[in-house]
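Student: sequence? don't have it. structure:
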C-alpha cells in the first residue's frame, strides 16, 4: 500500500512538472525545425542552413549513428563512422582516409539535438585522431532531425 501511494505521488509530481513546463514554454509546435531554433547552439556546432550556405565542396558528412541506422536512413553521400561499433575507430577512419584527408570540413551528426554521440566523436577527431582529418570538425545542430526537416534524408536502397 505504501508503495502505491509513493508511486502515485511520483506520478502526480511528474504530471505537475510537465504541465508547468508546458505553461512556461508553450505548446510544442510540432515542427522539428521550429523546435530546434529554441535550443541554443553548443560550442563546435553548426546550423544546417549555415553549412549549406557555405557550400558543399570539400565537406564530408559523417553519420555517427550505428551502422544499422545509417543503412536505413541517411544523408546522401555521408559516410558512417561510429563509436557505437565493435570495429576500432582507427580502422573505420582508415577505410575513409582518402575522403577525410581531402576534406576542408567534416560535419558530424547523430539522431537529434539531445544526442551526444556526435559531440563525443568530434572530440575524438579533434584529439586522438586529428591526423585522420584535414579540415575543421563541426557537429550538426539537430542531427537527423535537422536533416529530415531540410529534406536531405534518403532511405537506403535495399541492394546497397
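Tutor: Perfect, I can see it now. Computed from a predicted structure; not experimentally measured.
Student: hang on, residue 61 is in a strand, isn't it?
Tutor: Yes: counting by DSSP: H, G, I helix; E, B strand; the rest coil, residue 61 falls inside a strand.
Student: For it, give me the pLDDT.
Tutor: pLDDT, residue 61: 97.
Student: Also residue 10?
Tutor: 73.
Student: Tell me how many other residues surround it.
Tutor: 10 (other Cβ atoms under 10 Å). In short, each C-beta sits where N, CA and C put it, glycine included.
Student: do the same with residue 2
Tutor: Neighbours of residue 2 under the rule other Cβ under 10 Å: 6.
Student: Residue 95 too?
Tutor: 14.
Student: residue contacts, residue 112?
Tutor: By Cβ atoms under 8 Å, 6 or more residues apart in numbering, the contact set of residue 112 is 142-145.
Student: got it, and residue 137?
Tutor: 44, 105-106, 108, 122, 125-126.
Student: Are we agreed that it is in a strand?
Tutor: Yes: assignment of residue 137 by three-state DSSP places it within a strand.
Student: follow-up on the earlier one: among the contacts of residue 112, which one has the most neighbours?
Tutor: Greatest neighbour count in these, by other Cβ under 10 Å, goes to residue 142: 27 neighbours.
Student: do you know how far it is from residue 38?
Tutor: 11 Å (Cβ to Cβ, to the nearest Å).
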